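**Student:** No letters, just coordinates:
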């Protein structure tokens, strides 16, 4: 019979408790997001204004990406599954991985994730903004049109989800957080920077599916950077000048 090391056995109860707490927190987050419905008129007006700014600055790849995917059913399925599944799978997997492999840095990166999620929720509440699929006539809702993951007829909590929570993109924010967590937690790994492929791919997919503007993704990346910088500024040193988060490695700008 397989015998786990004593240290691992001691960690398991705390790990399962952590998983339960995070799951409960995510469930409450979804409930709060549902209750924060926003105003359709103001959300569309803000989205229209944002779209006009992007067009003026010539940083508006959303329609081209959206139509490129919409004309290829294989890409519609792949991008739809990516959008609907990876967002909810990768983040908890990264949390568990860090909890097991880098327990010294786990608490800090977990708190950053909680912070960016709460901050995004506040923005959704105060400044609801419609996604391109609900505000730009030329954009196709590829998941709804092709009924990917029952997007055409959502049920359960999905049926009550806030449709005007586009700015910032939480999909991109969580993806950037995951990549940054991997990069700084494993400073000696030569391939760690490959983790950035995940937020890049996520950014392209949220635009291709019509769920977010480029500006939503940029705001998400900025939110993560600010949260990480604040965390380091207020928690970089512990008692007697010792690093409070020894597993975080170099500062963000040094990665």
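**Tutor:** The structure has been received and is ready for your questions. Predicted model only: the values in this text are computed from it and were never measured. Numbering: from 1, shown residues only.
**Student:** residue ranges with poor pLDDT in the stretch 1-150 of the chain?
**Tutor:** Counting by pLDDT under 70, the stretch 1-150 of the chain contains low-confidence ranges at 1-19, 21-26, 28-38, 150.
**Student:** oh sorry, the question was meant for the stretch 151-255 of the chain
**Tutor:** Where the stretch 151-255 of the chain drops to pLDDT under 70, the residues are 151-161, 235-255.
**Student:** The helix or strand containing residue 122 packs against which elements?
**Tutor:** Using DSSP states H and E, residue 122 maps to helix 103-126. Counting contacts by 3 or more CB pairs under 8 Å, 6 or more residues apart in numbering; DSSP states H and E, helix 103-126 is packed against helix 6-35, helix 87-101, helix 170-185, helix 214-235. Any C-beta I mention is one placed from the backbone N, CA and C, and that applies to glycine too.
**Student:** So which residue is smack in the middle of the chain?
**Tutor:** Residue closest to the average C-alpha location in the chain (CA atoms, centre = their mean): residue 174, at 2.4 Å.
**Student:** my guess is that residue meets residue 92, correct?
**Tutor:** No: with contact defined as CB atoms under 8 Å, residue 174 and residue 92 do not form a contacting pair (10.0 Å).
**Student:** Surely residue 172 touches residue 222?
**Tutor:** No: with contact defined as CB under 8 Å, residue 172 does not count as touching residue 222 (10.4 Å).
**Student:** Neighbour count for these two, which is higher?
**Tutor:** Counted by other CB atoms under 10 Å, residue 172 and residue 222 do not tie: residue 172 has more neighbours, with 26 against 13.
**Student:** Tell me who's in contact with residue 143.
**Tutor:** Residues near residue 143 by CB atoms under 8 Å, 6 or more residues apart in numbering: 76, 80, 83, 84, 149, 151, 209.
**Student:** ditto for residue 83
**Tutor:** Taking CB under 8 Å, 6+ apart, we find residue 83 in contact with 143, 171, 205, 206, 209, 211.
**Student:** Give the burial count for the fifth one, as a bare number.
**Tutor:** The local packing count at residue 209 equals 31, with neighbours defined by other CB under 10 Å.
**Student:** That one and residue 224, how far apart?
**Tutor:** Applying CB to CB, to the nearest Å, the value for residue 209 to residue 224 is 21 Å.
**Student:** Not counting its own residues, what contacts stretch 217-233?
**Tutor:** 108, 111-112, 115-116, 119-120, 167-173, 176-177, 180, 199, 203, 206-207, 245, 248, 251-252.
**Student:** are any of those residues buried, and which?
**Tutor:** The neighbour-count test (16 or more other CB atoms under 10 Å) marks 108, 112, 115-116, 119-120, 167-173, 176-177, 180, 199, 203, 206-207, 245, 248, 252 as buried among these.
**Student:** Need phi/psi at residue 129.
**Tutor:** When quoted as degrees, to the nearest 10, the phi and psi of residue 129 stand at phi -140, psi 130.
**Student:** Find the nearest non-adjacent residue to it, please.
**Tutor:** residue 167 (4.2 Å; CB to CB, 6 or more residues apart in numbering).
**Student:** Now that neighbour: which helix or strand?
**Tutor:** Assessed by DSSP H and E, residue 167 sits outside every helix and strand.
**Student:** Report the contact partners of it.
**Tutor:** Contacts of residue 167 were listed using CB under 8 Å, 6+ apart, and they are 46, 50, 123, 124, 127, 129, 213, 215, 216, 219.
**Student:** Most neighbours among these, which one is it?
**Tutor:** residue 213 (30 neighbours).
**Student:** Quick check: phi and psi at that residue.
**Tutor:** Torsion angles, degrees, to the nearest 10, at residue 213: phi -80, psi 160.
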